[in-house]
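Enquirer: no sequence for this one, just the structure:
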């Protein structure tokens, strides 16, 4: 069986975010922020100084401003839904929330 060249490369270019703060959303709805220390081709992530954003107990779809420190986290790539840098992003109000 012939091996394709470059088949071990990821479509994500996470190298530029190494040692920088990133925000990650998981398939279960959890959101964390931490320093990206490592990754692989299937988006398994190693994050340091991680803070998890806790959910509002009355509305499980709403994330509150409360956080808890998790420290060093290894995140499985199959549960990662979104990866974005903290620097250069701004949270805006959801225009569809009141509809």
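Expert: Perfect, I can see it now. Everything quoted here is computed from the prediction, not taken from an experiment.

Enquirer: quick one: contacts for residue 82?
Expert: For residue 82, the contacting residues are 23-25, by Cβ atoms under 8 Å, 6 or more residues apart in numbering. C-beta coordinates here come from the backbone N, C-alpha and C atoms, glycine included.

Enquirer: and the closest residue to residue 80 other than its chain neighbours, what does it touch?
Expert: Counting by Cβ to Cβ, 6 or more residues apart in numbering, the nearest residue to residue 80 once its immediate chain neighbours are dropped is residue 43, at 5.0 Å. Residues counted as contacts of residue 43 (Cβ under 8 Å, 6+ apart) are 10, 12, 14, 77, 80, 83.

Enquirer: pLDDT-wise, what's the bottom of these?
Expert: Within the contacts of residue 43, pLDDT reaches its minimum at residue 10, with 63.

Enquirer: just to revisit the earlier point, tell me the most packed of the contacts of residue 82, by neighbour count.
Expert: Within those, residue 24 tops the neighbour count with 22 neighbours, counted by other Cβ atoms under 10 Å.

Enquirer: any idea how far that residue is from residue 97?
Expert: Separation of residue 24 from residue 97 (Cβ to Cβ, to the nearest Å) stands at 22 Å.

Enquirer: so the nearest residue to residue 37 once chain neighbours are set aside is in which element?
Expert: Leaving aside its sequence neighbours, residue 37 sits nearest to residue 46 (Cβ to Cβ, 6+ apart; 4.5 Å). Following DSSP states H and E, one finds residue 46 within strand 45-55.
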